[in-house]
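Peer 1: sequence and predicted structure are below.
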Amino acid sequence: MAQPQGTDAFLGKLRTLSHPDGSPIRALVADDDPHLAELIGIGLRMAGWSVELASDGPEAVSLAKEFRPDILVLDVMMPTFDGLEALQRIRSFQPGVLALFLTAKDSAEDRVGGLAAGGDDYVTKPFSMEEVLLRLYRLISRSGLADLGGNELVVGDLVLNEETREVRRGGEEIALTATQFELLRYLMGNARTVVSKGQILDNVWQSTGGDHGNIVELYISYLRKKVDAGRDPLIHTVRGAGYVLKPAR
């Protein structure tokens, strides 16, 4: 991997990313080359992220259960079991986690395998620190996990402007009522997180429990007709738990 020369200057060009509550983005880096993993970790910590390092697949899975990373950086080839299997195991208990694969320069099989396994992006070795940081930054920015500052919430191709109250998907404007807008804003502000009917009632209607759960179902239906109609769905029902809004794959 190229040495991270100029990384300070590069980071200065990127806005710091964090969760809406101000907590740092969490990244888990897994590679059996400890020097390489540490270099990536240093770069991400310089960007203000919280980072854990693993040296193989089992350690990555074990750390993920405790650390609950927002994004994974996984070497495809690791001892015991590889990055592809590590991703499958981690997504069994954390389905929405993002993943960037590190692949061999000349291995098209690695690259295709990583994306087929559900990877969100890949970088081929050798690579520069700036390339890894930029790709991770873009994945987090598109995911809706981070507070990007300004007035817009962005999840996939869905954009909500909190100041103008305009909503667009794929560049097409979507007209919403005031309550529909507030519901969508709440879902987008908690993108990739399952929220219950009770949480929605409390935050959108300032109501708790009772027999008002049906109103949530009704307004979710309204949103689906406007946001998801004729498109890959962003709004999903999690049976027995609530709803989640996440980017379409």
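Peer 2: Sure, I can see it.

Peer 1: residues contacting residue 98?
Peer 2: Listed by CB atoms under 8 Å, 6 or more residues apart in numbering, the contact partners of residue 98 are 70-72, 120, 139-140, 143. For the C-beta atoms, the positions are set from N, CA and C on the backbone; glycine is no exception.

Peer 1: what is the neighbour count of the residue nearest to it when sequence neighbours are not counted?
Peer 2: The spatially closest residue to residue 98, leaving aside those adjacent along the chain, is residue 71, at 4.2 Å (CB to CB, 6 or more residues apart in numbering). The number of residues packed near residue 71 is 21, by other CB atoms under 10 Å.

Peer 1: that older thread, for the contacts of residue 98, give me CSV that also has distance to residue 49 and pLDDT.
Peer 2: Written out in CSV, the entries for these read as follows (distance: CB to CB, whole Å; pLDDT from 0 to 100):
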residue, distance to residue 49, pLDDT
70, 9, 94
71, 9, 95
72, 13, 96
120, 16, 82
139, 12, 84
140, 9, 85
143, 14, 75
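
Peer 1: all strands of the protein, in order?
Peer 2: 26-30, 50-54, 71-75, 98-103, 121-124, 152-155, 158-161, 167-169, 172-174, 235-238, 242-245 (DSSP state E).

Peer 1: turn those into JSON lines, including distance to residue 220.
Peer 2: Output for these, formatted as JSON lines (distance: least, CB to CB, whole Å):
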{"stretch": "strand 26-30", "distance to residue 220": "29"}
{"stretch": "strand 50-54", "distance to residue 220": "33"}
{"stretch": "strand 71-75", "distance to residue 220": "28"}
{"stretch": "strand 98-103", "distance to residue 220": "25"}
{"stretch": "strand 121-124", "distance to residue 220": "30"}
{"stretch": "strand 152-155", "distance to residue 220": "16"}
{"stretch": "strand 158-161", "distance to residue 220": "15"}
{"stretch": "strand 167-169", "distance to residue 220": "16"}
{"stretch": "strand 172-174", "distance to residue 220": "15"}
{"stretch": "strand 235-238", "distance to residue 220": "7"}
{"stretch": "strand 242-245", "distance to residue 220": "6"}
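
Peer 1: these: which one's closest to residue 190?
Peer 2: Of all the strands of the chain, it is strand 242-245 that lies closest to residue 190, at 7.6 Å by CB to CB.

Peer 1: now the closest one, how far from the centre of its chain.
Peer 2: Distance of strand 242-245 from the chain centroid (CA atoms, centre = their mean, to the nearest Å) equals 15 Å.

Peer 1: please renumber so the chain begins at 52
Peer 2: That works, and once the first residue is 52, the last one we named lands at strand 293-296.
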